[in-house]
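A.B. asks: Got a sequence here, can you build the structure:
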Amino acid sequence: SLVNIHTVQPITTKGSPPFLLSSFGTDNKIDAISILFRWLYIYEKCKTNKIIIVGFSTDADPKYLRAMRLATGYFAQLPNIDLLNKDNIFEIQIPNSWSWFFLRKKQLFLCMQDPIHVATKLRNRLLSTTASLIMGDYPVSVKDLQTLIDKYSKLDHNLVLSDIYVKDRQNYASCLKISSTNVLDILDQNKSTFGTHCYVTILRFVTLAYIDKTTDILKRLFFAWSNVFICRLWFTWIRHKLIIDTGKKSQHSQIPPYKTIEHHFMTFPAFHSIELNAHMLTYIVLLVLNNKLPIESLNIFLFSSQPCENIFRSARSLTGPFSSMTNFTVQEFLSKTRKISILNEIKSFEESNFDSNAIKFPIHHKQSRSKLFPSMSTNLHEITMDSIEKSIYDGYKYAKSFAEKLGMSSILIKKKVFELNDLCSNIRKDLEKMIYINDDSVLDNDDNCDSDEEADCYSLATDAEDESESDDSETENECKTSTKDGFNSMRIFSTISDKEKYKLFEVEINGKLKYMHKQTAVRYLTNKNIKLSSDRLVRVQKMNKQ
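C.D. replies: Sure thing, here's the model as predicted:
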């Protein structure tokens, strides 16, 4: 019922477009080891054809995140699978002074979480009605943004309510508007919104570090590690704050469980994605510095799963603008991808063909500008170990200033975890105790394994705020009362004509007899809203079958 695809993004000087490598139908009943086996199979086949795989990128699906951690050794190990017994593996030298770097020095391939998905996860967490985010003395709340919209002119912030209360939870455009410099400046002017200002800054830095094509590579390191250190300080502060509060109530202190910490923190998939991406960015920079990867590898915005998303969008668009079809079979999808591959091949060839008879494909001027690769603004000679360390240490100083501003520093200083080495040593021990994976699986060819049962104490698989929109429908009993007397926006009537009776049925609301349309009843009396949106952008994201 689902389709899994792999696309390839070449690392070239001319900006070669991505292309489809494989696609197949699946029921998604796989585990992390099966995913890892697929990656190894692709790696070996490409290696046979003298193609070097730098790494893999996916969204923050828990199975793929676990596979990435197992592959890279990020607080995980595979005692029965040796991934490093191959030729031409990546290797860097990690200075002993880098207490903040948690990744091993040898890697078969690299892994990054798609930054757009990370950004939307951060935004969705801000919208959560169950979480209670707090940073030091200040809460983090979407209500601060709503107050900003009500109080200030739109000319000051360029926001509307639909930007903060989005229906499409994968809408990245709203992330850009929420984290604009205008919004950040206004939030920074009001002391009560310092917490929201810091959180939105994290969201903005994800864009600047991994998505913005114009960011200098040393600036990317600064933004990436600023986020890492802000999150580490925040996590450590919550942990010790909860221990202090628990000790006051029960006369003894204990380490709070991960889910308790998460209630006041970002979701753990987002946290680990921020950590993993910053480590991978640094690893790539060091490989380029040692001439083990070309300088074009520093175009880190290529390291994403967006080419896969674009394949699905293109396949949808082949149905035509007036088609009501929103789903198709696996065979139909494979047929569409063949057409897309042929068109992309012709288009790519003709774009580099300067012959007068070349085929010119119409391209919207905005799309044309967005696809151009920026020239490498950083000279390779500017990238040194000293400049790398300076960017990262500047990121720590920036994060430290936030901790002081938010009132987190007093507890951190008291617990002796405010300085860089103390902070990183402490959080490393915490993560080893809380999330370390020791998977004794072995590689085989069985892709039909049962889905993962995460042994981690914090349950990566549940991200309630990011799964799907909460159901708007009400139960039958709840529909019997309402605070409204009129229902102009829905088909609920007090009187009807005889010819309309077959379309409606009687209900009692607030003790009065009303007539409800059947389609309205389906929406309000069922647990799930299965009606497809008339908006194509939203419609293609629905997984409900016709």
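A.B. asks: Tell me the buried residues in stretch 407-421?
C.D. replies: Judged by neighbour count using 16 or more other C-beta atoms under 10 Å, the buried positions of stretch 407-421 are 408, 409, 411, 412, 415, 417, 418, 420. Glycine gets a C-beta too; all of them are placed from N, C-alpha and C.
A.B. asks: remind me which residues of the stretch 1-150 of the chain are low pLDDT?
C.D. replies: When residues are selected by pLDDT under 70, those of the stretch 1-150 of the chain lie in 13-15.
A.B. asks: can you rerun that using 90?
C.D. replies: Flagging of the stretch 1-150 of the chain using pLDDT under 90 yields the residue ranges 1-4, 11-20, 22-31, 59-62, 79-81, 85-88, 128-129, 150.
A.B. asks: got the residue ranges for the strands in it?
C.D. replies: The residue ranges that make up the strands of the stretch 1-150 of the chain, judged by DSSP state E, counting those that start in this stretch, are 2-8, 19-26, 55-58, 76-77, 90-91, 106-107, 110-113, 134-135, 138-139.
A.B. asks: so where's the longest helix in this structure?
C.D. replies: Assignment by DSSP state H gives helix 217-250 as the longest helix of the chain.
A.B. asks: Give me the subset of the buried residues of stretch 407-421 lying in helices.
C.D. replies: Using DSSP H, the members of the buried residues of stretch 407-421 that fall within helices are 409, 411, 412, 420.
A.B. asks: got the contact list for the second one?
C.D. replies: Remark: with contacts taken as C-beta atoms under 8 Å, 6 or more residues apart in numbering, residue 411 is in contact with 237, 240, 241, 244.
A.B. asks: Just the buried ones from these?
C.D. replies: Using 16+ other C-beta under 10 Å, the buried ones in these are 237, 240, 241.
A.B. asks: Spatially, what comes nearest to the first one if we skip its sequence neighbours?
C.D. replies: So the one you mean is residue 237. What sits nearest to residue 237 in space, not counting adjacent residues and going by C-beta to C-beta, 6 or more residues apart in numbering, is residue 408, at 4.3 Å.
A.B. asks: And for residue 345?
C.D. replies: In space, and not counting its chain neighbours, residue 345 is closest to residue 19: 7.6 Å by C-beta to C-beta, 6+ apart.
A.B. asks: Can you tell me how far the nearest residue to residue 22 once chain neighbours are set aside is from residue 16?
C.D. replies: Here the nearest residue to residue 22 in space, its sequence neighbours aside, is residue 6; by C-beta to C-beta, 6+ apart that works out to 4.8 Å. In this structure, residue 6 lies at 17 Å from residue 16, with C-beta to C-beta, to the nearest Å as the measure.
A.B. asks: ok so, going back, could I get the ones in helices among the buried residues of stretch 407-421 as a markdown table with pLDDT and distance to residue 176?
C.D. replies: Formatted as a markdown table, the entries for those read as follows, by pLDDT from 0 to 100; distance: C-beta to C-beta, whole Å:
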| residue | pLDDT | distance to residue 176 |
| --- | --- | --- |
| 409 | 94 | 31 |
| 411 | 95 | 34 |
| 412 | 96 | 32 |
| 420 | 95 | 31 |
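A.B. asks: so which of these comes closest to residue 220?
C.D. replies: For those, the closest approach to residue 220 (C-beta to C-beta) belongs to residue 420, at 20.0 Å.
A.B. asks: before we move on, the earlier item: for the buried residues of stretch 407-421, which one is nearest residue 189?
C.D. replies: Of all the buried residues of stretch 407-421, residue 408 has the smallest distance to residue 189: 20.8 Å, by C-beta to C-beta.
A.B. asks: Alpha carbons of the helix or strand harbouring residue 310, in PDB - could you do that?
C.D. replies: Under the criterion of DSSP states H and E, residue 310 resides in helix 306-317. Taking Å, rounded to 0.1, in the frame of the first residue of the first chain, the C-alpha atoms of helix 306-317 are listed here in PDB:
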ATOM      1  CA  GLN A 306      13.800  16.500  -0.600                       C
ATOM      2  CA  PRO A 307      14.600  14.900  -4.000                       C
ATOM      3  CA  CYS A 308      12.400  12.000  -2.900                       C
ATOM      4  CA  GLU A 309       9.600  14.400  -1.900                       C
ATOM      5  CA  ASN A 310       9.900  16.100  -5.300                       C
ATOM      6  CA  ILE A 311       9.600  12.700  -7.100                       C
ATOM      7  CA  PHE A 312       6.200  12.100  -5.400                       C
ATOM      8  CA  ARG A 313       5.100  15.700  -6.200                       C
ATOM      9  CA  SER A 314       6.000  15.200  -9.900                       C
ATOM     10  CA  ALA A 315       4.200  11.900 -10.000                       C
ATOM     11  CA  ARG A 316       1.100  13.500  -8.600                       C
ATOM     12  CA  SER A 317       1.300  16.400 -11.100                       C
END
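A.B. asks: Just the buried residues of that helix, please?
C.D. replies: With the criterion 16+ other C-beta under 10 Å, helix 306-317 contains buried residues 306, 307, 308, 309, 311, 312, 314, 315, 316.
A.B. asks: Just the helices from the stretch 151-300 of the chain, written as ranges.
C.D. replies: All helices of the stretch 151-300 of the chain, identified by DSSP state H, counting those that start in this stretch, fall at 154-157, 161-164, 172-178, 181-189, 194-206, 217-250, 258-262, 268-289.
A.B. asks: tell me what the fourth one is packed against?
C.D. replies: The reference is to helix 181-189. Helices and strands touching helix 181-189, by 3 or more C-beta pairs under 8 Å, 6 or more residues apart in numbering; DSSP states H and E, are helix 143-151, helix 154-157, helix 194-206.
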